[in-house]
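[1] have a look at this prediction, sequence included:
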Amino acid sequence: MTKSSNKIDSQNLNVDVHYLTRVEGHGNIVVDVKEGKLAKCEFQVIESPRFFESMLVGRSIWEAQHLTSRICGICACGHTLASIKAAEDALGVKPSAEVVMLRKLLLYTEMLDSHILHIYILVAPDLLGVKSIVPLIKTHRPVIEMALRMKRMSDYGAEVLAGRHIHPISYVIGGLTQLPSREGLEKLHTLMLESRKDGEATVKIIKTLKFPQFQRPTQYMSLTSDDEYAMYDGDLMVNGEKSKVRDYRKLFMESVVDYSKAKISKINGKSYAVGSLSRFNNNFNKLHKKAKAVAAELGLKAPCYNPYLNTAAQLVEWVHCLEESITILEKILKDGLKEEGVVVASWPKRSEVGKIKYKPNTGTGCVEVPRGSLFHEYTIDDSAHITAANCVIPTNQNIGNLEDDMRKLVPELLGKKTQEEITLDLEMLARSYDPCISCATHLLDVSFV
């Protein structure tokens, strides 16, 4: 429930958004200003911990990706791929170039799906002055139908590539359990070609909408690569410096706060951002030329310090992912896929179970998912069972940055806007990060004495 007032007060403000709507999961915004001083400014994640890391301990490394894909209904493919990469790093498995190509294609389709959902269903109502997408079905029906058509295209992509449109089952350590059908790939290619027109229409629509003006430079972290706009692989980039993915624990520090179930992450003692705007700022030169043209049409330039424009960066990435996906599909349809280089068993042979001795090891995997850099890390014993697991979710990494944005934004709005208007601006700011709150919950490690 939101307490609102139409009176402009330059000294006092009390915002209690409980719960924030049009985000994944449950979170609160709490801001308290007394006599001109910011006494409280919090984004509270209030969902219960989900114990996925504890659930993984004692399970075979070969089934980890099937368990972790359930962490998120939006980024299920991303969790699957981060999990597989961590497992392969621990086991010393190197996938073929064709497998990597198919994984990138799967990641792009998930990016297409999540970005268009956020742009049209979660953010557009704010920019059009309505509470949800429901009134827009009446006033903007052709646009909503177009948005749903774009989403169905990407849903179908995951279904063809991974066996079903949510919680993929065919992507495993070392490869896939089955090849995607040629018929399905041809249909997906056709749907993507048709989506180009919808993408162009979406750019024209977003171009007419007015985003809030706000600037706060911060640290932007993402994968980066000399070869491409990094989403599947690469080094970590922040402040112009690179780090290896396996050194992520040295790069950022996680901590707990008493008002939230989500951890707060910092680099060099300061908050940082991950997600589309971070990738755009760090890797602009590697974008597809059509995506660069869209950025120019939207007036989006790197570096961009307005977090509200993360949504515009998502649209730029949508175009990039569509064009990269079309390129990959045309290569596959022309050259075909070699089954022997792609299809593998998801488990060791039954006759080998319990007989193989593995090297105890720790492996780390990172991919870019719609909301930012996602990390999985597993330690295995000599039977390839997991003895320790760590998953770092993008929303966790963004919460500290969101709160710092709020701390700068609130004083700028005091005395200029009503409480109701400030509350809406704060809600829009939180939504611009596209938070996946359910994924962000984490359990505090408690020692009883």
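    Ah, there it is.

[2] just the strands in the protein please.
    With DSSP state E, the ranges of strands along the chain come out as 13-18, 27-34, 37-45, 171-172, 175-176, 219-224, 235-238, 241-243, 253-255, 264-266, 272-273, 361-369, 372-380, 386-392.

[3] can I get the ones you listed in CSV with mean pLDDT?
    CSV is the format used below for these (pLDDT from 0 to 100):
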stretch, mean pLDDT
strand 13-18, 93
strand 27-34, 94
strand 37-45, 94
strand 171-172, 96
strand 175-176, 97
strand 219-224, 98
strand 235-238, 98
strand 241-243, 98
strand 253-255, 93
strand 264-266, 94
strand 272-273, 98
strand 361-369, 98
strand 372-380, 98
strand 386-392, 97
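
[4] a markdown table for those, including distance to Met146 and mean neighbour count?
    To be clear about C-beta, it is placed using only N, CA and C from the backbone, and glycine gets the same treatment. Rendered in a markdown table, the data for the strands of the chain read as follows (distance: least, CB to CB, whole Å; neighbours: other CB atoms under 10 Å):
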| stretch | distance to Met146 | mean neighbour count |
| --- | --- | --- |
| strand 13-18 | 30 | 19 |
| strand 27-34 | 30 | 20 |
| strand 37-45 | 32 | 18 |
| strand 171-172 | 30 | 23 |
| strand 175-176 | 32 | 26 |
| strand 219-224 | 29 | 23 |
| strand 235-238 | 35 | 21 |
| strand 241-243 | 40 | 12 |
| strand 253-255 | 40 | 13 |
| strand 264-266 | 37 | 19 |
| strand 272-273 | 30 | 26 |
| strand 361-369 | 25 | 23 |
| strand 372-380 | 27 | 26 |
| strand 386-392 | 35 | 19 |
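
[5] so which of the ones you listed is nearest Ser114?
    When the strands of the chain are ranked by distance to Ser114, counting by CB to CB, first place goes to strand 361-369 at 7.8 Å.

[6] who does that closest one pair up with?
    Each strand paired with strand 361-369, and its direction, by DSSP bridges: strand 372-380 (antiparallel).

[7] give me the angle between the strand it pairs with and strand 219-224.
    Between strand 372-380 and strand 219-224, the angle comes out at 60 degrees (axes from the mean of the first three to the mean of the last three CA atoms, to 10 degrees).

[8] quick one: strand 372-380 to strand 386-392, angle?
    Here strand 372-380 runs at an angle of 170 degrees relative to strand 386-392 (the same axes, to 10 degrees).

[9] gap between strand 372-380 and the chain center?
    How far strand 372-380 lies from its chain's middle: 14 Å, per CA atoms, centre = their mean, to the nearest Å.

[10] ok, now stretch 205-215?
    Distance of stretch 205-215 from its chain centroid, counting by CA atoms, centre = their mean, is 22 Å.

[11] buried ones in it?
    Across stretch 205-215, burial judged by 16 or more other CB atoms under 10 Å covers 205-206, 211-212, 214.

[12] dump those residues to CSV, plus pLDDT and distance to Ala389.
    Compiled in CSV, the buried residues of stretch 205-215 are given as follows (pLDDT from 0 to 100; distance: CB to CB, whole Å):
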residue, pLDDT, distance to Ala389
Ile205, 97, 42
Ile206, 97, 39
Phe211, 96, 39
Pro212, 96, 39
Phe214, 98, 38
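
[13] now, which of those residues sits nearest Lys355?
    Within those, distances to Lys355 taken as CB to CB reach their minimum at Ile206, with 57.5 Å.

[14] for the nearest residue to that closest one once chain neighbours are set aside, give me its contacts.
    Setting aside the residues directly before and after it, Ile206 is nearest to Leu315 in space (CB to CB, 6 or more residues apart in numbering), at 5.7 Å. Remark: with contacts taken as CB atoms under 8 Å, 6 or more residues apart in numbering, Leu315 is in contact with 115, 119, 202-203, 206, 294, 298.

[15] please name the residues that touch Ala87.
    With contact taken as CB under 8 Å, 6+ apart, Ala87 is in contact with 61-62, 64-65, 93, 173, 363, 365, 378.

[16] hmm, try it at 6 Å
    61, 64, 173 (CB atoms under 6 Å, 6 or more residues apart in numbering).

[17] so how many other residues sit close to the second one?
    Taking other CB atoms under 10 Å as the criterion, the count of residues near Ala64 is 23.

[18] okay but it is in contact with Ile84, surely?
    No. The pair formed by Ala64 and Ile84 falls short of the contact definition of CB atoms under 6 Å, at 8.1 Å.

[19] got the end-to-end distance for stretch 354-374?
    This stretch, stretch 354-374, spans 32 Å end to end (CA to CA, to the nearest Å).

[20] other residues contacting that stretch?
    Where contact means CB under 6 Å, 6+ apart, the residues beyond stretch 354-374 that reach it are 75, 78, 81-82, 85-86, 89-90, 111, 114, 223, 231-232, 245-246, 274-275, 375-379, 381-382, 384, 394-395, 434, 436.

[21] which among those residues end up buried?
    By neighbour count, with 16+ other CB under 10 Å, those hold 75, 78, 81-82, 85-86, 89-90, 111, 114, 223, 231-232, 245, 274-275, 375-379, 381, 384, 394-395, 434, 436 as buried.

[22] circling back: from the contacts of stretch 354-374, which land in helices?
    Members of the contacts of stretch 354-374 lying in helices (criterion: DSSP state H): 78, 81-82, 85-86, 89-90, 111, 114, 394-395.

[23] what pLDDT is listed against the nearest residue to Leu193 once chain neighbours are set aside?
    The shortest distance from Leu193 to any residue other than its chain neighbours is 6.8 Å, reached at Ile326 (CB to CB, 6+ apart). With respect to pLDDT, Ile326 scores 98.
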